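1. Mind looking at a prediction? Sequence and model below.
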Amino acid sequence: MEVQDMTGGTGSGEPESTDSLKTFGAVVKAFRERAGLTQEGLALLVRFSPQTVASIEQGRRLPPPDFIERAEEVLDAFGVLRAAARHLARKPGIAAWFRQWAALEEQAVSLCTYECRVVPGLLQTNAYARAVTLSVPPPPEEEQIEERVAARLARQELLRRKPPIAFSFIIEQALIERHTGGIEVTRELIDHLLKCAELWNVELQIMPLQQPHHAGLDGPIRLLETPENKWVGYGEGQQSGQLITDPKDISLLQMRYAKLRSQALTPEDSVGLLKRMRGAL
């Protein structure tokens, strides 16, 4: 299997420092204000959403390479933004091994996710994200919790990104039945999932508890289509992540994901199940 190591050489799963991102964001803001532009005005010129510009200026998002290059030219920044970007080795709240995949997500055309461990981060609520963070030892510091939750919720801007991403999610019913964080957290989570399912670019399917034939027994699957219409996969373990690029391996994952879509409940039936689960709480 052809993979790229995503540990960043740190070997650590701890969330990372916000300092370099905040510094870069402050530099962008300074040059934007020097140019007499609002965040909306800059967003139009660099062809990113105002929310993305705001997140970058606040130090909550790693700027995509295209943003750096376009902002450098639009703001006539004398090479300062390019130079500052070289120090952006870290992203707050996101483990080192996940950074590269998170950056690819921001530019994706389509994104397919099957999960059997935890509700995907793009669909989590604040309370559920906190509960997940607190569940896995060692106990994090409060600042670490806030960074991790903020980073996870910031990624959810992708659900409403323009141009839109076509999302497909398949999640196990057991993940909701587990009641991570308690009954109230689960109620809020189901309500949130139902709202996400209403988005026209989101297809949400539930894999029922009883499914004798299951193509996902080898574990979670993530597949992503790039703007160049190339497919990339991602696999994750306890303390590591791998970017999968070999065409044969991608074909295998696509085959499995297609089978999972046929085995899971339809989007309509999935919504019906979620509503019944919500009513039973």
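-> Here it is on my side, so go on.
2. Name the residues that touch stretch 79-89?
-> Stretch 79-89 is contacted by residues 8, 20-21, 23-24, 27-28, 31, 62-63, 68-69, 71-72, 75 when judged by Cβ atoms under 8 Å, 6 or more residues apart in numbering. (Each C-beta comes from the backbone N, C-alpha and C, glycine too.)
3. Looking at these, spot the one nearest Gln239.
-> Gln239 lies nearest to Gly8 out of the contacts of stretch 79-89, by Cβ to Cβ, at 12.3 Å.
4. next structured bit after whichever strand or helix holds Glu147?
-> Element membership for Glu147, per DSSP states H and E: helix 142-155. Note on helix 142-155: by DSSP H and E, the next helix or strand toward the C-terminus is strand 166-172.
5. After that following strand, which helix or strand is next?
-> Defined by DSSP H and E, the subsequent element after strand 166-172 is helix 173-177.
6. before we move on, back to that, which among the contacts of stretch 79-89 count as buried?
-> Among the contacts of stretch 79-89, those buried by neighbour count (16 or more other Cβ atoms under 10 Å) are 8, 20-21, 24, 27-28, 31, 62-63, 68, 71-72, 75.
7. Would you mind giving the domain segments of the chain?
-> 19-85, 96-280 (automatic domain parsing).
8. Would you convert those domains into CSV that also reports mean pLDDT?
-> Compiled in CSV, the domains of the chain are given as follows (pLDDT from 0 to 100):
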stretch, mean pLDDT
domain 19-85, 88
domain 96-280, 92
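9. Any idea how far stretch 253-264 is from the middle of the chain?
-> Here stretch 253-264 is found 21 Å from its chain centre; the criterion is Cα atoms, centre = their mean, to the nearest Å.
10. One more: stretch 105-113?
-> Distance of stretch 105-113 from the chain centroid (Cα atoms, centre = their mean) equals 9 Å.
11. Kindly export that stretch (C-alpha atoms) in PDB.
-> Taking C-alpha atoms only, stretch 105-113 is exported to PDB below (Å, rounded to 0.1, in the frame of the first residue of the first chain):
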ATOM      1  CA  GLU A 105     -10.500  18.500   3.000                       C
ATOM      2  CA  GLU A 106     -10.600  22.200   2.500                       C
ATOM      3  CA  GLN A 107     -10.000  21.900  -1.200                       C
ATOM      4  CA  ALA A 108     -12.100  18.700  -1.800                       C
ATOM      5  CA  VAL A 109     -14.800  18.300  -4.500                       C
ATOM      6  CA  SER A 110     -16.400  15.300  -2.700                       C
ATOM      7  CA  LEU A 111     -15.800  13.600   0.600                       C
ATOM      8  CA  CYS A 112     -16.900  10.100   1.600                       C
ATOM      9  CA  THR A 113     -16.700   8.900   5.200                       C
END
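12. residues in contact with that stretch?
-> With contacts defined as Cβ under 8 Å, 6+ apart, stretch 105-113 is touched by 52, 61, 64, 66, 120, 122, 155, 158, 161, 165-170, 220-227, 229, 257.
13. From Gly279, how far out is Gly272?
-> Between Gly272 and Gly279 the computed distance is 11 Å (Cβ to Cβ, to the nearest Å).
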